[in-house]
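**Q** Here's my sequence, what's the structure:
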Amino acid sequence: MKIGAVILENVRSHAKTIIEFSDGFSCLVGGLGRGKSSILLAIDFALFGDPLGRSYDYLLREGADIGRVALRFIENKRDYTLWRALRRRDGHISQDMEQLKLFEGERLMAEMKSEAVAEQLKAITGIDRDLFREVVWMRQEHLKELLDMPPSERQKKIDQLFGLSDYETSWTNLRPTQRWYESEKSTLEQDPDIKRIGELQAQYDESAKKFSWKTIELEDLKRNLSEAETRLKNASARVEDLEVLRRKNEELGRKERDLTSTVKSAEDVSARISKEIQRHESRIKKMEEDLESLKNQEAASKAMLQKVGLSADQTLQQIREYQDIFSRHVSSIHGERDAVAREVEGISQKISNLAAENRCPFCLQPLSSEYKEDLVTRLSQEMDDRKTKLIDLERNAMELEWTRSTLTSTISNLQTILARIEDMEKQLKDECHLLSNFSKEFEDKRREAEEARNLLKAVQREITEFEISKLEEAQRLLISSHSEYAKIKGDLQTVETQMKEISSRMDSVKERLESAERKVDRMLKVNRILEIAREIRGAYRSIQPKIRSELVAYLERIVQHELDELTGPENAPLSIKIYEDYSPFIVSPDGQERSASNLSGGERTFLAFAYRLAIGQLIMQSKLGHGLSMLLLDEPTESLGREDGSIERLAEAISRLTTIEQVIAVTHSEAFAEKAEHVTRLEKEDNTSNAVVER
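**A** Coordinates of the predicted model:
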């Protein structure tokens, strides 16, 4: 893992600071209290979120309620960004989980839960909090911590870092487990199932043999049952077929009787309808004859019209109109006749008066005999004319009266005849309608009878002779087949029940047998485990010194290599010797050994740096499979003086480190910072830190 950049907002003296880092040797330089170490504290907080002490008071800027840190880091050429924040609530400072986020590029990987972020971070980098704080980050005043420890504490501490203490812990923890398995072995050896495993096997074998016999018997019964079932199905099918045939014959018999009844009924109805048809035909014939007679009478009556000068095609209304006309003529002639008769009577009176006296009947003047005779002659002539006219009028009146009488008689006859004709025609129409209905009904019944006779013939052809004895025989066979099937099925169920009981006993015995076998297997495993436990316990006690010895030898070589790089070729080399308790000694050319406590301040610093660096490389190699890629140094120049050039030599040595890709150092030493590839100066104004990149 390498750091790309860090952003601090309201962290200690930083209001808002952005610092970018590159590969190589980088220095954060500045005077006391300028905010250098705050950057390393912010990196630690961004990665793990845990405070270095009991609270976050050391981290949140005074007077601020919210503080944030963003860390961009690179792992396997991938960019990651981690955000963490602090919030002050009611005088208490805690993490603001809502702002906790881990990104890969722009993809959000985890948020709001410390466990999820820590899990993802460990998966990405392989570094946890303890590894970071013990190996990657060399904190101020902790550089010489391992050198200053008593040998026993140093050995315990480094064994823990390398994981060697796990062997001692495992050796101690394995003894209770060993005792537990010894107790289990004793219990298993006394187990009754293990002692009776041979007897259980014999019981199981005997039950298996019985089960096998019953299986054969069951197969025979199943085969017999299948054959009995086939016979039962055949017998049932035979009975069903005969029952179907019987029901079919019975149904056909019912159809035959029904059709015979239908034919008889249709024939009876046809005969009755035939009589009705004959009766109606006779009535129609009689009505037609009567109608013909009435029409002849109508024709005769109308022929009388021709005698009175009217055409025979006159309607009754027209005849009545003519009758009215003649009646008016008769009345007119009668009136005229009466007038002429009165005139004749008047003329006759006048003639009588002239015969009695000679006075003019008109003017009552006396008349002469000549004038009288002439007047009588004229009156007689006039009376003869009136009598002739009266005769004509009488004759005409008689003729008209006869005509009117003829018309009246004709009208009366025609009224009667036409009414009878109309009534007769209506009756004839009704009779014809009835005859048509009877004829249609007769035809329907005739067709119905014919169809019924045809169906009857078909049914009679279909009816077969059915023997009830065959059905009774088939029923007896069905009963016997069913009894046989029921008996075999009962035997089969009995065998199945017996097999279930045997199987249940077998399962019980098998379960006990398997339990015993598992216990035997377990006892064998317990014996093997006890053997392995004894071997492991012995190995734990023997392997720890061997591994520590190899680690010490390897550590000695790496520390020597780091010391050689730190001191450089121009200075006298420092030979190192490390003992089993990890105590380092400087060996002089004459073979004398000096402990770390007898070294000068500069030598102790170089030795502590090389010692910590070597341990860090070993731990990283053992845990992650690769060495340190990043190193954070907090004031590594303690106990070094500029007069002897030790600060410059340390800085040059760090710049020459080829195994570490990125070194970030916090220092107040300008001489140390001069050797760095990248320098960022921390300044402070109005209690606020500012970062200025110098190179």
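**Q** Surely residue 58 touches residue 52?
**A** Yes. Counting by C-beta atoms under 8 Å, residue 52 is a contact partner of residue 58 at 7.0 Å. The way it works is simple: take the backbone N, C-alpha and C, and place the C-beta from them, glycine included.
**Q** Overlap in contacts, those two.
**A** residue 41 (C-beta atoms under 8 Å, 6 or more residues apart in numbering).
**Q** Once you drop chain neighbours, what's closest to residue 108?
**A** Distances taken as C-beta to C-beta, 6 or more residues apart in numbering place residue 101 nearest to residue 108, at 6.4 Å, with adjacent residues excluded.
**Q** Check for me that residue 663 belongs to a helix.
**A** No. Counting by DSSP: H, G, I helix; E, B strand; the rest coil, residue 663 is not found in a helix; it is strand.
**Q** I'd like to know the beta-bridge partner residues of it.
**A** For residue 663, the beta-bridge partners under DSSP bridges are residue 25, residue 631.
**Q** what is the mean pLDDT for stretch 661-675?
**A** What stretch 661-675 shows for mean pLDDT is 90.
**Q** who's in contact with that stretch?
**A** Counting by C-beta under 8 Å, 6+ apart, 2-3, 21-32, 36-37, 39-40, 140, 629-637, 642, 647-648, 650-652, 654-655, 657, 676, 679 sit against stretch 661-675.
**Q** Make a ChimeraX selection of whichever of those turn out to be buried.
**A** Burial among the contacts of stretch 661-675 is assessed by 16 or more other C-beta atoms under 10 Å; the matching ChimeraX selection reads:
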select :3,21,25,26,27,28,29,30,36,37,39,40,629,630,631,632,633,634,635,636,637,647,648,650,651,652,654,657,676,679
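**Q** In strands, which of the contacts of stretch 661-675 appear?
**A** 2-3, 24-29, 630-634, 679 (DSSP state E).
**Q** buried residues in stretch 478-489?
**A** 478, 481, 484, 485, 488.
**Q** excluding its backbone neighbours, what's nearest the third one?
**A** So that's residue 484. Nearest one to residue 484, counting by C-beta to C-beta, 6+ apart, is residue 228 at 5.0 Å.
**Q** for the first one, same thing?
**A** Residue nearest to residue 478 in three dimensions, not counting chain neighbours: residue 235, with 4.2 Å by C-beta to C-beta, 6+ apart.
**Q** so what's the one you found up against?
**A** 474, 477, 478, 481, 482.
**Q** quick one: which of these is nearest to residue 128?
**A** residue 482 (82.6 Å; C-beta to C-beta).
**Q** Break down the stretch 351-500 of the chain into its helices, ranges please.
**A** For the stretch 351-500 of the chain, the helices defined by DSSP state H, counting those that start in this stretch occupy 369-462, 468-567.
**Q** Summarise which helices and strands the next helix or strand after the longest one is packed against.
**A** Note on helix 468-567: by DSSP states H and E, the next helix or strand toward the C-terminus is strand 575-578. Contacting strand 575-578 under the criterion 3 or more C-beta pairs under 8 Å, 6 or more residues apart in numbering; DSSP states H and E are the following elements: helix 468-567, strand 584-587.
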